[in-house]
Every structure is written in C-alpha cells, then in structure tokens.
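Trainee: Output the structure for:
(one chain, ligands or ions: 1)
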Amino acid sequence: MCGIVAYIGEREAFPIIMKGLQRLEYRGYDSAGIALLNGDMTVYKKKGKVKELLDFARDKKTSGSIGMGHTRWATHGVPNDVNAHPHLSGDGRLSIIHNGIIENYNSLKAALVKLGHEFTSDTDTEVLIHLIEEAQRHDNLPIEEAVRVALTKVVGAYAIVVLDQDAPDRVVAARKGSPLVIGLGENEFFMASDASPLVEYTKEVIYLNDEEIAVIKRNGDLQIKTIDNKIQSPFIEKIDLKIERLEKGDFDSFMLKEIFEQPRTIQDCMRGRLSSKEGWVKVGGLEQVVDRVSAAQRFIIAACGTSWHAGLIGEYLFEELARIPVEVEYASELRYRNPIINETDVIIALSQSGETADTLAALETAKEKKALIYGVVNVVGSSIARVTDSGSYIHAGPEIGVASTKAFTGQVTLLTLMAIHLGYSKGTIPRSYYLQLLEELEQIPHKIEKILAKDKQIEAIASEIKDATNALYLGRGYNFPVALEGALKLKEISYIHAEGYPAAEMKHGPIALIDENMPVIVIATNKSAYEKIFSNVQEVKARKGKVIAIVSEGDKEIKAIADYCIEIPDTDEPLTPLLSVIPLQLLSYHIAIMRGCNVDQPRNLAKSVTVE
Ligand code: F6R
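Mentor: Numbers count the residues shown, from 1 in each chain. Model prediction:
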C-alpha cells in the first residue's frame, strides 16, 4: 500500500524517481506525486496513475539531484490531487512521503490546530509533517532530530522520507511496520519500499529496521539511529534480482507473464530441494528446526487472501501426509481474538509480499505465546522473512500483477515439499508413495506447460461466459481451496461476483442461485470423489446451469454432460491444485481482458496490504 522512492546523489533525480514509481505502482495507483529540492521545494501531485504525473510534469521544472516520489493507495481522504503525497509543512519548507497509517493523527491534529497549524488535506500524513515542523521550530532542531522527536509521539505504522529545503544536503528516512530499503551506489543513495527501483543502480542494500531513522548526506555520510537515539551499525546486504524479472517482456500484462512463468517458478522453488532419483527432499529452513516441527502438537497457518487459500491446501497436505493437525486462520482474525497458542505449536505464516500488516501482527501474537514461527515468503528480506524463527523462500521472483498467481503455486509447492518431508521422516507415508510423490512433483512444471498450451481453448470458453454477473466455483478435497482461489481471481480482476464452495455444500444454499445464466465452474479431477462430483454436476445441469468442468485427461462421464470441458494432465491427488488452478487463472484473465479491465491494477486493490 503506497510505494515510496527517493534519491540523493549527483544525477538528476526526476527520471530515477519516476521510473522507480512505475516499478512500485503495484503497491497503489490512485494518485502520485514528486518533490525535488532545487533551491526551492518543487512539488507536483496528480490524481491517477504515475503516467498522469509524468505527463503533467514533463514540461515543467524537474531539475534537482535530491528528490522523492510516492504512489498512493488511499486510506485517509479520497484519491485527489490535494490528498496525494508529498505533503508540505505549513511554511512549505519541509515535505514528506509516507506509507502506513498514523493512528493517533486526530489527537495530534487537534493539538497542532491549537498551536495555529492549518491543514489542506484529509490525510494523516500531513499531520506528521506539521508535527515535525513544530518539533523543529520549537527547539530549533536539525531536521533529523525533529523527525526523531516527532516520531516518538506517533502511534501507527510508517515508512517515511523527509526533505528540508534548508538542509539541501540530506534526506531523512524512517520506518516502523512498513518496509524501507536503502540502496548504496557510488556517491549516491536510493530509498524505496522494495528493491525493485534500485536494482539497475546497485546490488548493495540496507533494510532499515523498525524504529530506525537514517540520515543520508550527499557527501556519502550515512547514519542510522533508533528512535530512542541509539546509533546503529548499518548491515549491508547483497540483492540478487534481475531487471528482466521486473519487465513485462513480450507479454501484454504482468499477470499473463506471471501465469506463463509458472513452470519455471515452480522449478525454481524445487531447485536443490528434491531428487526423486536419489530419493531425497530437503527444505533448508525446515531442517534448522526439524525437531521442534516434527514434535509439534499442531500447525497454525496464518495468512490473508490468496495466501490463505494456499494455507488451506497446506491443511489437507499436512494432515494427510504427515498426520499433523492443522488450523488455517485469517491473520486478521487470529490477531484480534484471544487464541489458544502454546509453545508446542508451529505457526506458519504464508505471504507473497512478506509485508501484510495483519499477518505480521498475527506473528507477533504467536511470538508472545512462544510458538515457533515459520515463514513461507516470496519477497527476500521482507518484514515477515525477518521476524520468523526460520522459514523458506518460494523463489517465485517479483510478482507485479496485483492478482497473485505464481506466488500461489510457489506457496503450494513449498508446503507440498514440507509435507512430504515431514510425512516421510515421521513414517506416516511409506517409501514407495514418498518416491512416487517426488517423481510426480518433478513432472508438475511439464504438466503445467501442457495446460498453458490450451490457452486458446480457455480464451474461447471465456468469451462464452464473459457477460455473466455471477459465477459459482465448486470443488472437493484438495480442489475446494482451488475453487475459492478461482472465484477470488475472477472477482478481483473482472469484477464479476463469484463464490467458491465445497461441491457438496451447493445443495445447502447456493443451488438456489442456479439458472441458465449462472456459469458453474466445477473442478472435477479428484479420483476419490469423482462419483460425488459427477452427481453435483448433474444437479447443476438439472437446473439449467452452464457447467465449465476442469477434468483429468481422458475423462468421459463429466465430459458428456458438461457444457465446456478443460482437460488437464493426471497427477496424484495431493498435487492436483498445482495443475487445476492454472486454467482458472487463465479463465479469469481472459474474461477480465474481454471486459476491458486492467488486470495488473484492478480497481481499489493494492499488492501489498501494509495497513489493517
Ligand atoms: C489476491 C491477492 C491477495 C493477497 C493477500 C495477501 O490475488 O493477491 O489476496 O494474497 O493480500 O498478500 P500476501 O501474500 O502478500 O501476504
């Protein structure tokens, strides 16, 4: 939610910042703004995408080698030019960009109004820059000290960058609860919400920790302090991120590119983690804590959205293969009730971004109760990755399309590896089945390629149902979470209302919705429940519903009664979701494109939900 980027060095800041904002646009895209220090404080802000800001600023003064930019996902105040960041202090000498929420902004604002401050926007962020201005004015403090003093009064989450017209040799940045990474170049520094705006300039980064403030000077000085004024030694890390991974290449959208990348991303997730020939599977992070994990009384999987759906598949996997009881929790619910968690529990946090505020907070709750925290995360160096006791990266590479696709299959792959590993080491699956699963898993990328080759057929089916206003997704067992995920993909990018249900639940309510206008997408690959699903399909047909069935290659019975069938390769049941989700991703993609929707940046959404 909101992307921030800043630069200080010897080059012109404007093009670096604009390009960085475009890379961060997945984090929010309802308005954007830029501030440049060039003798004056030059600020441009525009409602809409970064492109609108670029067009607006193109023929204006954009000089300056210190600057910062922001792309917004609105929390306080509607998306418009005034509420867009950067925000200025009352005297216009200071400016700020902010990702996060200042929760006590109302009381701070009331106190500042009493002191004579006037506000022009509806944002919490404007209150913060006035607070910094007040601290600076009151005690005649340098900007970094004024920022520090102001932040001691703030409740909430922030990643901020502050510029001071009277200190044109420095940039001040701070974070708590929202990410901020500093890139170190030759006589130049970059700051951003993630590493994507920095990779073409440097591989050396510092991830700022919570409650740290960095003062970065043009002469190369970099000092990091905590909010309670303790000097910290910066820890420089190397990043390994290739620029091609951040570009669309020959694809029309990031979402399509990411769907088609899945054979490779799953391969990357499995690389070095299994060999069916040699009969081993190893998951590095798991090995470090394997005794505690194997002895766990219970796993609790905490996640949101698509990651939560991957977690549900994890429940089926761990319970079936490793006989470990699992609860799957919405992180937002877990954090606000009084959950029973104890030292013998393992909490698995699933998150693509590694920054989801609710998931992070749920981990804090579990940490207080001394459970082992295991992270399954995509973004390297992200907040969740850094607070866990151990964990594994899914290695899907940057996922830029707002709708999660390759991260979902990466998470499911990693959970599958963990479940097979634990199942075999605990003796809950026999060696023959263990080897069979490993062999099958190695075949998954190739099988996905076969499904991707059916893209045209899926596009043709999409054109038949693109005008629906509702859709129902049904699945059983491992395919029930896939039904939920299919429905989520459709609603978030095409704005068609869709619901996922366990197929057998249909007759307990949703069946009332079925008529000739209702597409019902049935995932019917399960071997164990085939007859039951067949009956469910007949129930839908009896009510004139339009059935789109995902079936295993060679299927005859469902194929004979469904309106449209997409055949996918057969596999062992626990691995089915890795295949059955692919046609659903493509189906939603094509429907959304046919309806003229922006699949990469659907309305109202943002990729990284760093607010509650
Ligand atoms: C849906 C989607 C979201 C995320 C959710 C959690 O396509 O992307 O539902 O899955 O916001 O995000 P992460 O995985 O980053 O914690």
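Trainee: low-scoring pLDDT stretches of the chain, where are they?
Mentor: For the chain, no stretch is flagged by pLDDT under 70.
Trainee: ok, 80 please
Mentor: Residue ranges of the chain with pLDDT under 80: 1, 606-612.
Trainee: Now do the strands in the stretch 351-500 of the chain.
Mentor: In the stretch 351-500 of the chain, strands defined by DSSP state E, counting those that start in this stretch lie at 372-377, 390-393, 470-475, 497-502, listed in chain order.
Trainee: which secondary structure elements does the third one contact?
Mentor: Using 3 or more Cβ pairs under 8 Å, 6 or more residues apart in numbering; DSSP states H and E as the contact test, the elements touching strand 470-475 are helix 479-494, strand 497-502, strand 519-523. C-betas here are computed from N, CA, C, even on glycine.
Trainee: Would you convert the strands of the stretch 351-500 of the chain into CSV that also reports mean neighbour count and distance to residue 589?
Mentor: Shown next, in CSV, are the strands of the stretch 351-500 of the chain (neighbours: other Cβ atoms under 10 Å; distance: least, Cβ to Cβ, whole Å):
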stretch, mean neighbour count, distance to residue 589
strand 372-377, 26, 25
strand 390-393, 22, 26
strand 470-475, 26, 14
strand 497-502, 20, 14
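Trainee: Residue 463: which of those strands is closest?
Mentor: The minimum distance between residue 463 and the strands of the stretch 351-500 of the chain falls on strand 470-475, with 14.5 Å, by Cβ to Cβ.
Trainee: quick one, which of the helices and strands packed on strand 470-475 is nearest to the ligand?
Mentor: Of all the helices and strands packed on strand 470-475, it is helix 479-494 that lies closest to the ligand, at 5.6 Å by Cβ to the nearest ligand atom.
Trainee: what's around residue 244, how many residues?
Mentor: For residue 244, the neighbour count with other Cβ atoms under 10 Å is 7.
Trainee: So it versus the ligand, what's the distance?
Mentor: Distance from residue 244 to the ligand, counting by Cβ to the nearest ligand atom, to the nearest Å: 22 Å.
Trainee: again, but for residue 438
Mentor: 27 Å.
Trainee: For the residue nearest to that residue when sequence neighbours are not counted, give me its contacts.
Mentor: In space, and not counting its chain neighbours, residue 438 is closest to residue 276: 3.9 Å by Cβ to Cβ, 6 or more residues apart in numbering. Residue 276 makes contact with 435, 438, 439, 441, 442, according to Cβ atoms under 8 Å, 6 or more residues apart in numbering.
Trainee: Mind giving me the PyMOL command for buried ones among the residues you listed?
Mentor: Listed next is the PyMOL selection for buried residues among those, using 16 or more other Cβ atoms under 10 Å:
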select buried, resi 438+441+442
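Trainee: between the contacts of residue 276, which is nearest the ligand?
Mentor: Using Cβ to the nearest ligand atom, residue 441 comes nearest to the ligand of the contacts of residue 276, at 22.3 Å.
Trainee: Against residue 465, how distant is the residue nearest to residue 438?
Mentor: 39 Å (Cβ to Cβ, to the nearest Å).
Trainee: Distance check, the residue in the chain that the ligand sits nearest to against residue 485.
Mentor: Going by Cβ to the nearest ligand atom, the ligand is nearest to residue 305 of the chain, at 1.9 Å. Noted for residue 305: a distance of 9 Å to residue 485, by Cβ to Cβ.
Trainee: Run a quick neighbour tally on residue 82.
Mentor: Using other Cβ under 10 Å, the number of residues around residue 82 comes to 15.
Trainee: got a list of what the closest residue to it other than its chain neighbours touches?
Mentor: Nearest non-adjacent residue to residue 82, counting by Cβ to Cβ, 6+ apart: residue 121, 5.0 Å away. By Cβ under 8 Å, 6+ apart, the contact list for residue 121 reads 77, 82, 83, 87.
Trainee: what's near enough to touch the second one?
Mentor: Contacts here follow Cβ under 8 Å, 6+ apart; on that basis residue 82 touches 45, 120, 121.
Trainee: Would you mind giving the secondary structure of the last one?
Mentor: I take that to be residue 121. The local conformation at residue 121, judged by DSSP: H, G, I helix; E, B strand; the rest coil, is coil.
Trainee: distance of it from residue 76?
Mentor: Residue 121 sits 9 Å away from residue 76, taking Cβ to Cβ as the criterion.
Trainee: all helices of the stretch 1-150 of the chain, in order?
Mentor: 13-24, 50-57, 105-114, 124-139, 143-151 (DSSP state H, counting those that start in this stretch).
Trainee: From the chain's centre, how far out is the helix or strand containing residue 532? Work that out for me.
Mentor: In this assignment (DSSP states H and E), residue 532 forms part of helix 530-542. When C-alpha coordinates are averaged (Cα atoms, centre = their mean, to the nearest Å), helix 530-542 and its chain have centres 36 Å apart.
Trainee: interface residues of this structure facing the ligand?
Mentor: Neighbours of the ligand within the chain, by Cβ under 6 Å from any ligand atom: 304-307, 351-353, 356, 359, 403-404, 488, 492, 608-609.
Trainee: Which of these ranks first by neighbour count?
Mentor: Of all the residues of the chain next to the ligand, residue 351 has the most neighbours under the rule other Cβ under 10 Å, reaching 32 neighbours.
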